[in-house]
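Chemist: got a sequence here, can you build the structure:
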Amino acid sequence: MTERTPWWVTGIAVALLVTGARDGWAQRSVEEAIFPLSEYKAVDARALAQTHLDELRTLYQSVRRCTPELDFHKHGLGFRRPLGVEGQPPYLATWVWIPSEPALPADGVDARAVEAFRRYAPKLLPQFLAREVIHADARVGGYGLVLTWIKPGGADPPIAETLVVFLPKSSATPFVNGPATFTDLLAQARIRAFDGQTEVKLTRLAIPDGEAPVRPPPC
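Modeler: Below you'll find the predicted structure:
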């Protein structure tokens, strides 16, 4: 797959147009996955990345080990402020590609976004919170999950769809460590979705009230 300008630069977390497949869905190296210090524009985000570079590397290894079916987008791991939010601290965020199997629902981007989040939020968020030094850093506002998959339908070239969810620490912590449901987790979330380069209306993820996550075993 080839990518356009990274989302930290453009401010839009979207893979956009897929123009081919990487050989065997090869996993990116840690150097490719972590956003370079030299390319941060925001001073506070760059300071966090510099302070926590070793933790980012450890998080990369955790994702590789615990969710090997995922692949990082180029420069997809670092600190990112939600687009359009002024005065908020940066979030620890990751942008990953979801494999085509098992397939996501065929009946619309809304359904695919829900299922992608249902599958991977319970897997990725515990790995984020396990980086206790980052979690305890008051300069970090929360966590960002950017999930991209290939849109079904056999378009040539293929089109990517992307879900962007930014979650404050106050909702992520009880979801990972306690009985919080998806509804609790998403109560304060900032959500965006894209069909190729076009943003689509998706202000909430329609996960039934009270649905608890299927929590993966410790990795």
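Chemist: just give me the longest helix of the protein.
Modeler: helix 109-129 (DSSP state H).
Chemist: can you list the low-confidence ranges for this protein?
Modeler: Per-residue confidence for the chain (pLDDT under 70) gives these ranges: 1-26, 84-85.
Chemist: ranges for the helices of it?
Modeler: Along the chain, the segments classed as helices by DSSP H run 7-10, 30-33, 43-51, 53-66, 109-129, 132-135, 169-177, 182-186.
Chemist: residue 153: which of the ones you listed is closest?
Modeler: helix 109-129 (11.3 Å; Cβ to Cβ). The C-beta positions use only the backbone N, C-alpha and C, and glycine is treated the same way.
Chemist: restricting to C-alpha, output the closest one in CSV.
Modeler: Provided in CSV are the C-alpha atoms of helix 109-129 (Å, rounded to 0.1, in the frame of the first residue of the first chain):
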residue,chain,number,x,y,z
VAL,A,109,-19.4,2.2,6.6
ASP,A,110,-21.4,2.8,9.9
ALA,A,111,-21.6,-0.9,10.5
ARG,A,112,-18.0,-1.5,9.6
ALA,A,113,-16.8,1.3,11.9
VAL,A,114,-18.8,-0.2,14.8
GLU,A,115,-17.4,-3.7,14.3
ALA,A,116,-13.8,-2.4,13.8
PHE,A,117,-14.1,-0.5,17.1
ARG,A,118,-15.7,-3.3,18.9
ARG,A,119,-12.9,-5.7,17.9
TYR,A,120,-9.9,-3.5,18.4
ALA,A,121,-10.6,-1.0,21.2
PRO,A,122,-10.6,-3.8,23.8
LYS,A,123,-7.3,-5.1,22.4
LEU,A,124,-5.4,-1.8,21.9
LEU,A,125,-6.5,0.3,24.8
PRO,A,126,-5.0,-2.0,27.5
GLN,A,127,-1.7,-1.9,25.7
PHE,A,128,-1.9,1.9,25.8
LEU,A,129,-2.7,2.1,29.5
